[in-house]
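Undergrad: here is the input, now give the coordinates:
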Amino acid sequence: MARMERTPSSLVTGLILAGGRGTRMGGLDKGLQPLRGEPLALHVARRLAPQVGAMLISANRNLDAYASLGAAFQANIISDASGDFPGPLAGILAGLRAARTPLVLAAPCDAPNLPSDLAECLGKALDAASADIATVITRDGTGRTTLHPVFALLRTSLADDLSARLAAGERKVRAWYARHRHVEVAFADEHAFYNANSLQELADLERA
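TA: Numbers count the residues shown, from 1 in each chain. Prediction:
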């Protein structure tokens, strides 16, 4: 079997999705909540930066705080085209539009343990399947499968289609993925994709 080459990091822009309402955190800005004394999004940036050639942070509030956080990574701060918090697809669209590379690697701002080989594994699967989107699944000890759709490697050529679907009212990430050639990549470590949606989950991460 031919060996799949690693996707060069220079072809990938990292996108940290930090533009949500933080509803389950009582409206707090999740990416700025502290974990071990530092913002969650900073932990994510440190994991993502070595895997990509450029960085973007999608945020809709506290833009100065995110700019300060991202300065060490030369990250540009981008915002949704709409001001009504339409969800992660809007952040992904902003990233696809802003990127100057053919690929965008998206990750949520509240998953500080994401794998150091995320870009490599998704890139190999994307190329092998001639797909447009590669995303993550994990399986627990019972064989139960969990899809983690906002961890994804996407081709920037999808931007126009995503823009049209958002304009038509689409808000579901999986539904939009289903329109395109996509591949799900299995990772063994569930903990790597654990994200803190609530203050209790953030406290659990702190203790881990």
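Undergrad: the chain: helices as residue ranges?
TA: 40-48, 63-70, 88-98, 118-128, 159-167, 173-177, 199-207 (DSSP state H).
Undergrad: mean neighbour count and distance to residue 17 for these - can I get that in JSON lines?
TA: Where C-beta positions appear, they are placed from N, C-alpha and C, glycine not excepted. Listed next are those as JSON lines, based on neighbours: other Cβ atoms under 10 Å; distance: least, Cβ to Cβ, whole Å:
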{"stretch": "helix 40-48", "mean neighbour count": "23", "distance to residue 17": "9"}
{"stretch": "helix 63-70", "mean neighbour count": "18", "distance to residue 17": "12"}
{"stretch": "helix 88-98", "mean neighbour count": "23", "distance to residue 17": "5"}
{"stretch": "helix 118-128", "mean neighbour count": "21", "distance to residue 17": "14"}
{"stretch": "helix 159-167", "mean neighbour count": "15", "distance to residue 17": "14"}
{"stretch": "helix 173-177", "mean neighbour count": "16", "distance to residue 17": "10"}
{"stretch": "helix 199-207", "mean neighbour count": "13", "distance to residue 17": "17"}
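Undergrad: so which of these comes closest to residue 19?
TA: helix 88-98 (4.6 Å; Cβ to Cβ).
Undergrad: output the helices of the chain in a markdown table; the columns should cover distance to residue 142.
TA: Supplementary listing: these in a markdown table, determined by distance: least, Cβ to Cβ, whole Å:
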| stretch | distance to residue 142 |
| --- | --- |
| helix 40-48 | 28 |
| helix 63-70 | 38 |
| helix 88-98 | 28 |
| helix 118-128 | 23 |
| helix 159-167 | 35 |
| helix 173-177 | 22 |
| helix 199-207 | 21 |
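Undergrad: reformat these as JSON lines; add mean pLDDT.
TA: Listed next are the helices of the chain as JSON lines, based on pLDDT from 0 to 100:
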{"stretch": "helix 40-48", "mean pLDDT": "96"}
{"stretch": "helix 63-70", "mean pLDDT": "96"}
{"stretch": "helix 88-98", "mean pLDDT": "95"}
{"stretch": "helix 118-128", "mean pLDDT": "97"}
{"stretch": "helix 159-167", "mean pLDDT": "95"}
{"stretch": "helix 173-177", "mean pLDDT": "95"}
{"stretch": "helix 199-207", "mean pLDDT": "81"}
